[in-house]
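1. Sequence first, predicted model second:
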Amino acid sequence: MLKDFLNLRPMTKTLVLMFFIFGIVFIPLGNTMAIFFLLMIFAALLPMTTLSMDDMAKWDRYALTMPVTRKDIVKSKYLLMVLFYGVAVVISCIIAVISNYLIPANATPFWFILLVGALGVLYGSLLFPLLYKFGSEKARYMMFVLMAVVGLLLVGWFALFGESFSGDLLLYVLITGAVSIAAFIASYFVSVRLYDKKEF
Amino acid sequence: MSDAICIHQLCKEYPDFSLKNVSFCLPKGSIMGFIGENGAGKTTTIKTMLGIAGRTSGSVKLFGLELETHETEIKNRIGVVFDECSFHDTLTAGDVAKILGKIYSTWDDLLYLQYLKQFDLPEKKKIKEYSRGMKMKLGIAAALSHHPDLLILDEPTSGLDPVVREEILDIFLEFIQDEGHSILLSSHITSDLDKIADYLTFIHEGKIVLSKSKDEIMDDMGILKCSIEEFGALDKTSFLTYRTNQFGCEVLIKDKIAFAARHPEMIVDPVSTESIMVFYARGKAV
């Protein structure tokens, strides 16, 4: 919903500046991978931030007095998440193109962005039902645990498929992506159900 | 005929608190004061009534429509203000209009701007920098700007100074000029309700103890002052609750005219909203 954009507006300025600095620091180092991770983490964290802002302002009980359904409220959060992922992937691609142009030796394969993106989506899918279940305060701690879990998943992914830099690789990336999207959709329905039962 | 709100046998169980068979009706075109001490269940009733918290049993009708089946329609026609400002601190009054304009089909931007002007609310200033009174007025302006037929206000005047309270009450009186409009106003500031309410509903420990028109209450009820011996000797049929102090006994009476006819020698004082609230909350049942 529009409200979340308006709320995040003051934050976006700082974020853009940060990415700019990261870009300047990391691209010459050839370490663009770190940027992709950061972008994805931010993409997952921003919707979460809006949720804790809502909690603080006691927005939800007010929103429920308006002609919107509980489902709409959850849907708007998930749409927001999709949007942020989209933006993160686009920015990642732009950075990748720039760095490939500047330092062709360090070229980052496109599939890598896709992989990180998929993991980001997975992270968000796991995080949001927890946020709805436990509230943003408690879920804050689980967030870090989840981050470690997703990190482990990534390591595991490389251990499993990373060796075979062959034609199959793209297939594995696509499967990971598909799994993430499935998890995202499932996560939405779980969240809707959790939110339905929630009281304010 | 047509009630703006009609609640029937509403129950809500919490582990440490419950609403028990809350029933009352608010006729269209009037203001109902919803009174009770802190924790009596005012906010819970309002939340349960609006489906923000689930209910255990009972039915809620607004404008004669069931809440379950006509939720969106009903919610387009009500304006709600909670005791705390529900808007995010980082927004401005202008942002609020942008957000709500998308949500309500009947949002009126011009009306909203007119209210902002009337309440001296700067459009560009962040809500963080607003005072408590300003936040409350912003909430009311927002609640009024989609032409609601019913205002539901949860302690809109608590924590505000008398000047701002007076201002807010005037807004409510202006709103109620239209005969199709109604207000449910929860408060424990009884003087506010004395000024504007047509009906009074008292809630205590999750139960409605009294729900009547204010005139009826003021005409019928009285406070009898007597000694403890006299209290023991009297016929207790018209007694509701009583309190004892070092000078004797004070009794809340439900039909003071009939009682005075039977006991012309006794002194029966008129009641006030505040005294009724205290009698129900602190008094002992007869």
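-> All right, it came through fine.

2. can you tell me the helix or strand for residue B:211?
-> Following DSSP states H and E, one finds residue B:211 within strand B:207-213.

3. mind listing what that strand pairs with, with the direction of each?
-> Pairing partners of strand B:207-213, with direction, according to DSSP bridges: strand B:199-204 (antiparallel).

4. Report the backbone C-alpha coordinates of the strand it pairs with in CSV.
-> This file holds the C-alpha atoms of strand B:199-204, laid out as CSV (Å, rounded to 0.1, in the frame of the first residue of the first chain):
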residue,chain,number,x,y,z
TYR,B,199,-27.9,8.1,26.0
LEU,B,200,-25.6,6.7,28.6
THR,B,201,-24.3,3.1,28.8
PHE,B,202,-22.4,2.1,31.9
ILE,B,203,-20.1,-0.9,31.7
HIS,B,204,-18.4,-2.5,34.7
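
5. Identify the residues contacting it?
-> Identification of contacts with strand B:199-204 by CB atoms under 8 Å, 6 or more residues apart in numbering or on different chains yields B:22, B:24, B:26-27, B:30-37, B:40-42, B:45, B:193, B:208-214, B:217, B:273, B:276-277, B:280-281. C-beta: built from backbone N, CA, C; applies to glycine.

6. Let's see the ChimeraX selection covering just the buried ones among the residues you listed.
-> Only the buried entries of the contacts of strand B:199-204 go into this ChimeraX selection, using 16 or more other CB atoms under 10 Å in any protein chain shown:
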select /B:22,24,26,27,30,31,32,33,34,35,36,37,40,41,42,45,193,208,209,210,211,214,217,273,276,277,280,281
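
7. Restricted to helices, list the contacts of strand B:199-204.
-> Among these, the ones falling in helices (DSSP state H) are B:42, B:45, B:193, B:214, B:217, B:273, B:276, B:277, B:280, B:281.

8. Report the beta-bridge partners for the nearest residue to the second one once chain neighbours are set aside.
-> So the one you mean is residue B:45. The spatially closest residue to residue B:45, leaving aside those adjacent along the chain, is residue B:22, at 5.7 Å (CB to CB, 6 or more residues apart in numbering or on different chains). Judged by DSSP bridges, the bridge partners of residue B:22 are residue B:10.

9. Please name the residues that touch residue B:22.
-> B:7, B:9, B:10, B:11, B:41, B:45, B:58, B:203, B:206, B:207, B:208.

10. How about residue B:146?
-> Residue B:146 is in contact with B:76, B:79, B:100, B:104, B:106, B:107, B:108, counting by CB under 8 Å, 6+ apart.

11. got the contact list for the residue lying closest to it once chain neighbours are set aside?
-> Spatially, and ignoring its direct neighbours in sequence, residue B:146 is nearest to residue B:104 (3.8 Å; CB to CB, 6+ apart). By CB under 8 Å, 6+ apart, the residues touching residue B:104 are A:66, A:67, B:76, B:146.

12. Switch the contacts of residue B:22 over to CSV; also include pLDDT.
-> As requested, the contacts of residue B:22 are exported to CSV (pLDDT from 0 to 100):
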residue, pLDDT
B:7, 86
B:9, 87
B:10, 86
B:11, 86
B:41, 83
B:45, 87
B:58, 83
B:203, 89
B:206, 85
B:207, 87
B:208, 87
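
13. Any chance of a markdown table for those residues, columns distance to residue A:100?
-> Converted to a markdown table, those look like this (distance: CB to CB, whole Å):
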| residue | distance to residue A:100 |
| --- | --- |
| B:7 | 66 |
| B:9 | 70 |
| B:10 | 65 |
| B:11 | 66 |
| B:41 | 65 |
| B:45 | 63 |
| B:58 | 65 |
| B:203 | 69 |
| B:206 | 67 |
| B:207 | 72 |
| B:208 | 72 |
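
14. Please indicate which of these are buried?
-> Taking 16+ other CB under 10 Å as the criterion, what is buried in the contacts of residue B:22 is B:7, B:10, B:41, B:45, B:58, B:203, B:206, B:207, B:208.

15. by contact count, what packs against the host helix or strand of the fifth one?
-> Secondary-structure element containing residue B:58, defined by DSSP H and E: strand B:57-62. On a contact count with 3 or more CB pairs under 8 Å, 6 or more residues apart in numbering or on different chains; DSSP states H and E, strand B:57-62 meets strand B:3-13, strand B:18-27.

16. Near chain A, which residues of chain B? Just list them.
-> Taking CB under 8 Å from any CB of the partner chain as the contact definition, chain B meets chain A at B:47, B:50-54, B:71-73, B:75-76, B:78, B:80, B:82, B:84-91, B:95, B:98-100, B:102-105, B:152.

17. Just the ones of these in helices?
-> Judged by DSSP H, these include B:47, B:71, B:72, B:73, B:75, B:76, B:95, B:98, B:99, B:100, B:102, B:103 as members of helices.

18. Drop anything exposed from the residues you listed.
-> Buried, going by 16+ other CB under 10 Å: B:47, B:71, B:75, B:76, B:95, B:98, B:99, B:100, B:103, out of these.

19. With pLDDT and distance to residue B:162 as added columns, please give these in TSV.
-> Formatted as TSV, these follow (pLDDT from 0 to 100; distance: CB to CB, whole Å):
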residue	pLDDT	distance to residue B:162
B:47	87	28
B:71	83	38
B:75	87	33
B:76	87	34
B:95	80	31
B:98	80	34
B:99	81	32
B:100	84	30
B:103	81	34
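
20. with the residues you listed in mind, which one is nearest to residue A:137?
-> residue B:47 (20.6 Å; CB to CB).

21. what's near enough to touch the closest one?
-> A:61, A:199, A:200, B:53.

22. Low-confidence stretches in chain A?
-> A:1-34, A:103-109, A:160-169 (pLDDT under 70).

23. Quick one: the helices in it, in order.
-> Using DSSP H, helices in chain A cover A:2-29, A:32-57, A:59-63, A:70-102, A:110-157, A:168-197.

24. that older thread, what's the angle from the strand holding residue B:211 to helix B:42-49?
-> Angle, strand B:207-213 to helix B:42-49, by axes from the mean of the first three to the mean of the last three CA atoms, to 10 degrees: 90 degrees.

25. and the angle for strand B:207-213 with strand B:18-27?
-> 10 degrees.

26. next one: strand B:207-213 to chain centre, how far?
-> Averaging C-alpha positions (CA atoms, centre = their mean, to the nearest Å) puts strand B:207-213 11 Å from its chain's average.

27. Need the residues that contact that strand.
-> With contact meaning CB under 8 Å, 6+ apart, strand B:207-213 is reached by B:19-24, B:198-203, B:217, B:276, B:280.

28. for the residues you listed, which one is nearest residue B:260?
-> Closest approach to residue B:260 among those (CB to CB): residue B:217, at 16.6 Å.
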